[in-house]
Structures are given as C-alpha cells and as structure tokens.
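J.: coords below, sequence missing:
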C-alpha cells in the first residue's frame with residue numbers, strides 16, 4: 001500500500017478559506033490517503049511559512065513539502081495534483 005501524501009495546512013482562526021480547505025481535504029482524504037498536519041498561522045512555523053512564500057492571507061497548503069497554494073484552493077487542481085503524485089508511486 002502506498003504511503004499517505006503529506007499535507008501541511010496553515011490556518012488562522014475565523015478564516016473561511018481555511019474552513020473550506022479543511023473540509024476539502026477531509027473529503028479528498030476519503031478516497032486518497034492523506035496525512036494532514038495543521039499549523040496555526042500564529043505559531044513560529046506558521047509565520048515562517050507565511051513570510052517564506054510571501055502569501056497575503058491563509059490558508060497555505062504544502063503538498064509533500066512543496067508549496068501548492070493559498071487562499072481558496074481549487075478542488076480540481078488539488079485532485080489532479082494528488083492523482084499525479086499517487087500515480088508516480090504506484091507499482
């Protein structure tokens with residue numbers, strides 16, 4: 001069985017895009033193995049990622065340690081990206 005895809009989700013309280021992205025990851029996680037780690041924007045790591053990727057607002061999404069996007073995350077784009085990752089590791 002393939003290892004889960006590692007997702008880092010940087011969130012802030014009261015952020016509606018963060019809630020949408022969290023629900024999206026829950027739904028996708030029902031069909032694709034994901035390991036989601038939520039990082040508060042107020043943490044040192046969260047602030048560091050905000051500065052590193054120069055995003056104006058959360059959420060910030062990293063897939064397998066690589067910046068994927070921020071703000072409103074496209075379901076179609078994320079599903080396509082994840083399908084490409086899982087296809088690459090399939091034997």
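T.: Received the coordinates, thanks. This one's a predicted model, so the numbers in the text were calculated from it and none came from an experiment. Residues are numbered from 1 along each chain as shown.

J.: Report the distance from stretch 73-84 to the chain centre.
T.: 10 Å (C-alpha atoms, centre = their mean, to the nearest Å).

J.: Sorry, wrong one. I was asking about stretch 15-25.
T.: That offset, for stretch 15-25, works out to 10 Å (C-alpha atoms, centre = their mean).

J.: Go through that stretch and flag the buried ones.
T.: Using 16 or more other C-beta atoms under 10 Å as the test for burial, stretch 15-25 gives 15, 17, 18, 21, 22, 24, 25. Just so you know, the C-beta spots here come from the backbone N, C-alpha and C atoms, and that holds for glycine as well.

J.: At the geometric centre of the chain, which residue do we find?
T.: residue 61 (3.3 Å; C-alpha atoms, centre = their mean).

J.: Confirm that residue sits in a helix?
T.: No. Counting by DSSP: H, G, I helix; E, B strand; the rest coil, residue 61 is not found in a helix; it is strand.

J.: check contacts around it.
T.: Contacts for residue 61 (C-beta atoms under 8 Å, 6 or more residues apart in numbering) come out as 7, 8, 9, 10, 21, 67, 68, 69, 70, 73, 78.

J.: Mind checking which of those residues are buried?
T.: Using 16+ other C-beta under 10 Å as the burial test, the contacts of residue 61 include 7, 8, 9, 10, 21, 68, 69, 70, 73, 78 as buried.

J.: What are the boundaries of the strands in this protein?
T.: For the chain, the strands defined by DSSP state E occupy 5-11, 34-40, 60-63, 66-70.

J.: Could you dump the ones you listed into JSON lines and include mean pLDDT?
T.: Putting those into JSON lines (pLDDT from 0 to 100) gives the following:
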{"stretch": "strand 5-11", "mean pLDDT": "97"}
{"stretch": "strand 34-40", "mean pLDDT": "97"}
{"stretch": "strand 60-63", "mean pLDDT": "98"}
{"stretch": "strand 66-70", "mean pLDDT": "97"}
